[in-house]
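# sequence? don't have it. structure:
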């Protein structure tokens, strides 16, 4: 058999029906839903008199609109409460497993899928959220869908899909100190642009990617969508299997060995062909900071805010000047001189235990700058929160002047009350720096957890490589 | 879903690249439980000043574009979040078709599910359409999906490509769940061979879990 990529293997194993000239009907192994994009899908189902075909393949959680303050208090936001009640009702009516506000496994959907072992290699996974690409870190084909498609999956457990092209993104060499998976992916997006991956599925590979933990791989795959790709993947290997072993939904004993043998066979074959290849060397990578209003507007921490006039393409030039007006930045300003109002460590990109450990190492024994209005740590899940508290990370953060919160999407999307006010500037470990993303008029700079932590201490960006604990986790 | 066969309407220009779905329908409007009513909040932060006063500087607020149903846009339109609230807003505002050089994947797909035709034209063709729209008040275009052409005055005629399956669904306004359910025997057959239901080996959330 010809050498195949991981993507091709999963695609072929999920074809339900194929007809020339038509999109392929593929089977969906795991469907994740949340309160934000699912109510209209259930309403549509009901209006058509349809049922959920395989309720046990769908898992639901409340994450987007949840308050991260005190879970025991009543929900004050009436609209959010309406969403929670609708989700609970829909799940109960259709027999879908729900991790509600009070479940000890509640958290951001892309954090809890992997940590509970619901996410496994070789699966097709969809969710009404573009950051579903996160799950590709396990060697799954995972992508975001719209509400009409949610309804389609609920009713049929299938989706009609066109096959994507594939792009190999290879990072060779060893990861330099202070440079994280977040910097890898921001560099990639900076190179290819935010539409560079449109129509593609990415596979990340190379020594530096192989050397990442599952947390790091998830960070990279998470932001595939910011590069325009619906999905990003990493071939499963020993790191993947070790992470999965013993998790609640992962088979045990002999069954686990059988699963591992299968998972191992999914990895991209040597010599498999990709439609495109991007090769980077880890030595060239540095901590990254976004300066504009999309994730492709990014540069190294030692650089300056670019001059729009320096862009060759008139379209880029205009977009850059619009972005600088919105961001309130002058061309030529050193990135390290940009002062901050708030720091947010959280989101499905960077709120896993490893992210919090790394950030905690950076802030231990120090204190948040008095120039900041707020520094916020929002664990990705309640499991992460408990684990962090067991390790004493909450105390380190609190002693350093950070607020320590309960799990949810929080200031990444600002659907709860964790928001930027107009004109405020944040260093954020999240994934989008669009206009108004964290609050109307808010100005977002995307960075890694260690960069956010150091920026919180200094009140402006700093090059984490100059610090002793640059690598946090190590 | 309302079929899309041929549409003629007033053209409005949105001359910005990389317009993301957060701009189309901002997060504070993602808490509603229906598919309706998002036209009022479309491009909310650009369209309104504090107190929901119309921002006169925003192009769609110019009186000459009132009632527009054909939207001109730039590259990578609809990037970012998968929220289908974005196309719901576009449609509810009154747009039936979008013309742009490129779209983000999820948004493009979501348009077809809602009876909106996203037409892909070259950058040069888009430049020309922006120019003509700017120049002539009340500029109108006809988008014909059956013939796959965009036509306007002075002999303007651009043909465009669209996937035949998507075209057919839109022309007939087909319910794609119904289409898939025609293949129920295939799905059942696939499940017979491959379906393995998830097992919670470690009962961490028994309260809700029905095995």
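Yep, it's here. Just so it is clear, the model here is predicted, and its values are computed rather than measured.
# could you find the closest non-adjacent residue to the residue positioned nearest the centre of chain B?
The central residue of chain B, meaning the one whose C-alpha is nearest the mean C-alpha position (CA atoms, centre = their mean), is residue B:111 at 3.4 Å. Distances taken as CB to CB, 6 or more residues apart in numbering or on different chains place residue B:118 nearest to residue B:111, at 4.6 Å, with adjacent residues excluded. The C-beta positions use only the backbone N, C-alpha and C, and glycine is treated the same way.
# that neighbour reaches residue B:100, doesn't it?
Yes - the pair residue B:118 and residue B:100 passes the contact test of CB atoms under 8 Å, sitting 7.0 Å apart.
# joint contacts of those two?
Taking CB atoms under 8 Å, 6 or more residues apart in numbering or on different chains as the contact rule, residue B:118 and residue B:100 both touch residue B:77.
# low-confidence regions, the chain specifically.
No chain in the question, so chain A it is. Along chain A, segments meeting pLDDT under 70 span A:472-474.
# please refer instead to chain B.
Low-confidence segments of chain B, defined by pLDDT under 70, span residues B:206-211.
# beyond the lengthiest helix in chain B, next helix or strand please.
Secondary structure of chain B per DSSP state H: the longest helix is helix B:123-135. Once helix B:123-135 ends, the next helix or strand along the chain (criterion: DSSP states H and E) is strand B:140-144.
# direction included, what does that next one pair against?
Sheet partners assigned to strand B:140-144 using DSSP bridges are listed as strand B:6-13 (antiparallel), strand B:149-151 (antiparallel).
# include mean neighbour count when you put those strands into a markdown table, please.
What follows is these, written out as a markdown table (neighbours: other CB atoms under 10 Å in any protein chain shown):
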| stretch | mean neighbour count |
| --- | --- |
| strand B:6-13 | 19 |
| strand B:149-151 | 18 |
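# which one of the ones you listed lies nearest to residue B:38?
strand B:6-13 (17.2 Å; CB to CB).
# neighbouring contacts of the closest one?
By CB under 8 Å, 6+ apart, the residues outside strand B:6-13 that reach it are B:59-60, B:65, B:67-72, B:95-97, B:117, B:129-130, B:133-134, B:138-146.
# near chain A at all, the following helix or strand past it?
Along the chain past strand B:6-13, the next helix or strand (assigned with DSSP H and E) turns out to be helix B:21-24. Yes - judged by CB under 8 Å from any CB of the partner chain, helix B:21-24 comes into contact with chain A through B:22, B:23.
# list the helices and strands helix B:21-24 packs on?
helix B:85-93 (3 or more CB pairs under 8 Å, 6 or more residues apart in numbering or on different chains; DSSP states H and E).
# so what touches the helix or strand just after the helix it packs on?
Per DSSP H and E, helix B:85-93 leads on to strand B:97-100 as the next helix or strand towards the C-terminus. Defining contact as CB under 8 Å, 6+ apart, one finds that strand B:97-100 is touched by B:4, B:7, B:9, B:69-75, B:77, B:90, B:111, B:116-121, B:126, B:129, B:141, B:143, B:150.
# next, the angle helix B:85-93 makes with the following helix or strand past strand B:97-100.
Secondary structure here is assigned by DSSP H and E; on that basis, the next helix or strand after strand B:97-100 toward the C-terminus is helix B:105-112. Using axes from the mean of the first three to the mean of the last three CA atoms, to 10 degrees, one finds that helix B:105-112 and helix B:85-93 are set 40 degrees apart in direction.
# how far away from the center of its chain is helix B:105-112?
Using CA atoms, centre = their mean, to the nearest Å, the distance from the centre of helix B:105-112 to the centre of the chain it belongs to is 6 Å.
# what does stretch B:46-62 give?
Centre-to-centre, stretch B:46-62 and its host chain are 22 Å apart (CA atoms, centre = their mean).
# for stretch A:293-311, same thing?
Stretch A:293-311 has its C-alpha centroid displaced from the chain centroid by 22 Å (CA atoms, centre = their mean).
# do the same with stretch B:126-139
Put simply, stretch B:126-139 sits 21 Å off its chain's centre (CA atoms, centre = their mean).
# ok, that stretch near chain A or not?
No - for a cut-off given as CB under 8 Å from any CB, stretch B:126-139 has no contacts with chain A; the smallest distance is 10.6 Å.
# need the residues that contact that stretch.
By CB under 8 Å, 6+ apart, the residues outside stretch B:126-139 that reach it are B:10-13, B:15, B:64, B:72, B:74, B:99-101, B:121, B:141, B:152, B:156.
# closest one to residue A:61 out of these, please.
For the contacts of stretch B:126-139, the residue nearest residue A:61 by CB to CB is residue B:100; the value is 34.6 Å.
# return the residues of the stretch 351-474 of chain A in contact with chain B.
Counting by CB under 8 Å from any CB, the stretch 351-474 of chain A sits next to chain B at A:413, A:414, A:415, A:432, A:434, A:435, A:436, A:437, A:440.
# so where do the helices sit in the stretch 301-450 of chain A?
A:314-327, A:353-363, A:382-390, A:393-399, A:449-458 (DSSP state H, counting those that start in this stretch).
# okay, the ones you listed in a markdown table with mean neighbour count next?
As requested, the helices of the stretch 301-450 of chain A are arranged in a markdown table below (neighbours: other CB under 10 Å):
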| stretch | mean neighbour count |
| --- | --- |
| helix A:314-327 | 17 |
| helix A:353-363 | 26 |
| helix A:382-390 | 19 |
| helix A:393-399 | 19 |
| helix A:449-458 | 28 |
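# looking at the ones you listed, which is closest to residue A:100?
helix A:382-390 (11.3 Å).
# which neighbouring elements make contact with that closest one?
Counting contacts by 3+ CB pairs under 8 Å, 6+ apart, the secondary-structure elements packed against helix A:382-390 are helix A:109-116, helix A:353-363.
# out of those helices, which gets nearest to residue B:202?
Nearest of those to residue B:202, taken as CB to CB: helix A:109-116 at 9.0 Å.
# sheet partners, orientation included, of the helix or strand just after that closest one?
Towards the C-terminus, the helix or strand next in line after helix A:109-116, according to DSSP H and E, is strand A:124-127. Strand partners for strand A:124-127, identified by DSSP bridges, are recorded as strand A:30-34 (parallel), strand A:141-144 (parallel).
# neighbouring contacts of strand A:124-127?
Counting contacts by CB under 8 Å, 6+ apart, the residues outside strand A:124-127 that touch it are A:10, A:14, A:26-34, A:109-110, A:113, A:119, A:132, A:135, A:140-145, A:149, A:153, A:159.
# now do 7 Å
A:10, A:14, A:26-33, A:109, A:119, A:132, A:135, A:140-145, A:153, A:159 (CB atoms under 7 Å, 6 or more residues apart in numbering or on different chains).
# the lengthiest strand in chain A pairs with which strands?
Once chain A is assigned using DSSP state E, the strand that runs over the most residues is strand A:165-172. Each strand that strand A:165-172 pairs with, and the sense of that pairing, follows from DSSP bridges: strand A:200-205 (parallel), strand A:276-281 (parallel).
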